[in-house]
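Student: Got a predicted structure here, sequence first:
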Protein chains: 2
Amino acid sequence: MPIALLAAPLLALLQATPAAAVPPAPSDALPADWVTIPDDEIVVFTLRGGGTVSMRLAPGYAPAHVANVRRLLAARWWDAGASVYRVQDNFVAQWGDATEKKPLPAGVVASPAAEYERPGNSAVARLSKADPYAAWAGYSADGWPLAGDATAEWVPHCYGTVGVARNLAPDTGSGAELYAVTGQGPRALDRNIAVVGRIVDGIERLSALPRGTGDLGFYATPEERLPIVSARLASELPAATRPRFQYRRTDNPRFAAWIVGRENRRNDFYTKPAGGVDICAALPPVRRAPDAAGLQPGANR
Amino acid sequence: MPIALLAAPLLALLQATPAAAVPPAPSDALPADWVTIPDDEIVVFTLRGGGTVSMRLAPGYAPAHVANVRRLLAARWWDAGASVYRVQDNFVAQWGDATEKKPLPAGVVASPAAEYERPGNSAVARLSKADPYAAWAGYSADGWPLAGDATAEWVPHCYGTVGVARNLAPDTGSGAELYAVTGQGPRALDRNIAVVGRIVDGIERLSALPRGTGDLGFYATPEERLPIVSARLASELPAATRPRFQYRRTDNPRFAAWIVGRENRRNDFYTKPAGGVDICAALPPVRRAPDAAGLQPGANR
C-alpha cells in the first residue's frame, strides 16, 4: 500500500484550491482576488528558539480590545516575562503574564465594553446550511469567517481564532492574556468573549506544544512555560524580514464556486459529497504574499 | 488578573459533567449510567518511551475492518516496524507501516466491502439542530456519536475518531494503516472512509507530536517516526495493569439534560447560550473505570 497513494486522497481535504481535482477552474482565485493585509494589522510573536506565530488583527470586530493590543505592543508588554503558559489538548494555547504581577501599560483599558458581536450582516457569501450555533455562517468580503443571526454577526471560534481571556462576566479581559484555538472549534465561546484576530502562520508552534498537566492545561511549573521573546507589528520589522500575508476576497463567483467545492467534495477519493460544510472546516484562505519574483514562498491553507 | 479566575470559566467548556455549574443535578449520571467497555474491545498501543494510547473498537459500525484489526493484533503486526509516521496539523496522526514492505498477515482482507454507513437509525438521543453534514446528529445508547439521514447512520469524524487510511476509491483500506483525528472534525470524510474506533485515552500522545514537514504532514525522515512498541487488546494485558474504560449510557433523561446543558451553556462565565452544539463538541463521555475502592482515577472528557 504505497504511501504516495495513501497520502494523495487526504490531500484534497486540506487544499484551499484543489489542483486537478473537482471542483475545477471556476473556483480558482484570480490574482486580484488576493489582497495584501496591511503590515500594521499583522502581529508577529517570536518565541524562545526563534519560531514565529503571526496573527491578523480583527479591528472591525473588537475595536477597543484591538486598540488595547496595539497599546500593549507599543509598550513592549509581551517582551519581558510573558510566556505561553497554558496548553490544553483539543482546546487552546494561552499566553501572557503567568506571574499575575505585571501591571498594564498606561492607556490600556482593563475591561472595555463587551465586543462579542456587532449589529448587521456584512457577509457577502454564505454556506448553504445553517450551523448549530447560528442562523447562518459565511464570509466577510475581506476574508473573515462570520456567523450570525437576524440582527448581529461575529467571528466564530474556529481553529486558529484568537480571543481575549477574561474573568467571570461582566469582565471582558484587557487583551494582555490571549489564547488561540487549537482543537475542535469551541463555538460555545462565540458571543461570550472578544475575538481579536486569527493566527495566519505558525499555529503549529502552539498546537504541538507539550500539553500542560495542571488543571485546564496550565503548565505545572514555571520551567515548562515557553517564553515570548518579542511581539511586534509586522510594520515595525525590517522590510527584508517582514512577513506579509494576503487574504482571498470572497465577493466573487470564484469564491462562491470554492464554497460549493468545499460543501461537495467529489474526486477520485471522495465518492459521497456531504452537501454542506462547517464554517470551521472551510476557513477563508490566507497565504504568504508572493515575493518580488511573483513566486509563492508558502501558503497557509 | 488571577490565573485561577482566568482559568475557572474555561473549565466549564470541557467538563463532561459540570460540577457546581449550570446545568445542575438532573444531568448528572447515576452510577448505573456508566457501563464498562469489554476488555476485548479496547486496543492499547504502546509507543516508544512507554506512553499508551487506548482505542475503543467500533465493531457495530465497520465489522469487517474491525475483524481485520483483530487479526492484525493477533499476528502482532504492529509490534515490529510500525510507527506513527504522519502528523498533519489540525487534521490527523497516522500510523502503521511506513516502509510499505510489510505483508499483511494471513486472513486479513486487503480491501473489505465498504463500511462507511449502515442502514437504520439507532440514535436514542439527538441534538436539537441538524448539522451541516447530516440530517441529524445524536448518540447510540452505548455511547457512540452518530450522524445520519433518513435511511442510514454513521460515526462522524470528530476529534479522536479513528479511521482506516485507504487508497483511491474503490479501495477501502485493510486497517493496517490507521489515523486518529487531531483537529477540527474533518466531517467530509464521513461516509467516505471506514471508522473503526475512537481514542478514549492518550490522544495527547498523538496530537502533541511534532508536525511532519513532508507533504501532508508525513515525517521527512525515518528518524522522525515514533515507533510503536506493541498493540494489544486490553484483555491480553495483565489484569493489574489493564486499563478499563466506561461509556455513559445515553438512553435516559439525565443524558437528555446533559445535551440541553451542552447546547445552552449558562453560568457565571457564559452569558449567551447558543441554543445548539456541534456533535464533535459534545462527544459522549468516556471515563476510566473506578478502581476497586470506587475511586475515579481519571477521566477522558
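Tutor: Arrived safely.
Student: which ones are touching residue A:31?
Tutor: By C-beta atoms under 8 Å, 6 or more residues apart in numbering or on different chains, no residues touch residue A:31. In short, each C-beta sits where N, CA and C put it, glycine included.
Student: And for residue A:138?
Tutor: The neighbourhood of residue A:138, defined by C-beta under 8 Å, 6+ apart, consists of A:123, A:124, A:125, A:126, A:127, A:145, A:146, A:147, A:148, A:279.
Student: okay, the helix or strand that contains it in CSV with CA atoms only?
Tutor: In this assignment (DSSP states H and E), residue A:138 forms part of strand A:136-140. Taking C-alpha atoms only, strand A:136-140 is exported to CSV below (Å, rounded to 0.1, in the frame of the first residue of the first chain):
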residue,chain,number,x,y,z
TRP,A,136,-26.2,31.5,9.2
ALA,A,137,-22.4,31.2,8.6
GLY,A,138,-20.4,32.8,5.9
TYR,A,139,-17.7,35.3,5.0
SER,A,140,-16.9,38.9,5.0
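Student: re the thing from before, in a markdown table, list the contacts of residue A:138 along with secondary structure.
Tutor: Shown next, in a markdown table, are those (DSSP: H, G, I helix; E, B strand; the rest coil):
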| residue | secondary structure |
| --- | --- |
| A:123 | strand |
| A:124 | strand |
| A:125 | strand |
| A:126 | strand |
| A:127 | coil |
| A:145 | strand |
| A:146 | strand |
| A:147 | strand |
| A:148 | strand |
| A:279 | helix |
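Student: which one of the residues you listed has the most neighbours?
Tutor: Neighbour counts for the contacts of residue A:138, by other C-beta atoms under 10 Å in any protein chain shown, peak at residue A:147, which reaches 28 neighbours.
Student: For chain B, state which of the contacts of residue A:138 is nearest.
Tutor: residue A:127 (6.8 Å; C-beta to the nearest C-beta).
Student: Just list whatever residues bridge to the closest residue to the closest one other than its chain neighbours.
Tutor: Ranked by C-beta to C-beta, 6 or more residues apart in numbering or on different chains and with sequence neighbours excluded, the top spatial neighbour of residue A:127 is residue A:137, at 4.9 Å. Using DSSP bridges, the beta-bridge partners of residue A:137 come out as residue A:147.
Student: Give me the local confidence score for residue A:137.
Tutor: You'll see residue A:137 listed with a pLDDT of 97.
Student: Now for it: which residues touch it?
Tutor: Contacts of residue A:137 (C-beta under 8 Å, 6+ apart): A:126, A:127, A:130, A:131, A:145, A:146, A:147, A:148, A:156, A:278, A:279.
Student: Identify the bridge partners of the fourth one.
Tutor: The one in question is residue A:131. Per DSSP bridges, the residues bridged to residue A:131 are residue A:134.
Student: can the contacts of residue A:137 go into CSV with extra columns for pLDDT?
Tutor: Putting the contacts of residue A:137 into CSV (pLDDT from 0 to 100) gives the following:
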residue, pLDDT
A:126, 97
A:127, 98
A:130, 82
A:131, 90
A:145, 98
A:146, 98
A:147, 98
A:148, 97
A:156, 98
A:278, 98
A:279, 98
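Student: and which of the residues you listed is nearest to residue A:108?
Tutor: Top of the list for closeness to residue A:108, among those and by C-beta to C-beta, is residue A:156 at 26.3 Å.
Student: give the contact list for the closest one.
Tutor: Contacts of residue A:156 by C-beta under 8 Å, 6+ apart are A:133, A:134, A:137, A:145, A:146, A:147, A:185, A:187, A:190, A:279, A:280.
Student: Please state the offset of the strand holding residue A:138 from the chain centre?
Tutor: 15 Å (C-alpha atoms, centre = their mean, to the nearest Å).
Student: Could you do stretch A:236-251 as well?
Tutor: On C-alpha atoms, centre = their mean, the centre of stretch A:236-251 falls 14 Å from that of its chain.
Student: what does the stretch 101-250 of chain A have sitting close to chain B?
Tutor: The stretch 101-250 of chain A comes close to chain B at residues A:116, A:127, A:129-134, A:158-159, A:165-169, A:173-174, A:176-177, A:183-192, A:203-204, A:207-211, A:215-216, A:218, as judged by C-beta under 8 Å from any C-beta of the partner chain.
Student: hmm, which of those residues are the buried ones?
Tutor: A:116, A:127, A:129-134, A:158-159, A:165-167, A:169, A:173-174, A:176-177, A:183-192, A:203-204, A:207-209, A:211, A:216, A:218 (16 or more other C-beta atoms under 10 Å in any protein chain shown).
Student: count of residues packed around the closest residue to chain B within the stretch 201-301 of chain A?
Tutor: Minimum separation of the stretch 201-301 of chain A from chain B (C-beta to the nearest C-beta) falls at residue A:276, amounting to 3.5 Å. Neighbour count for residue A:276, taken as other C-beta under 10 Å: 22.
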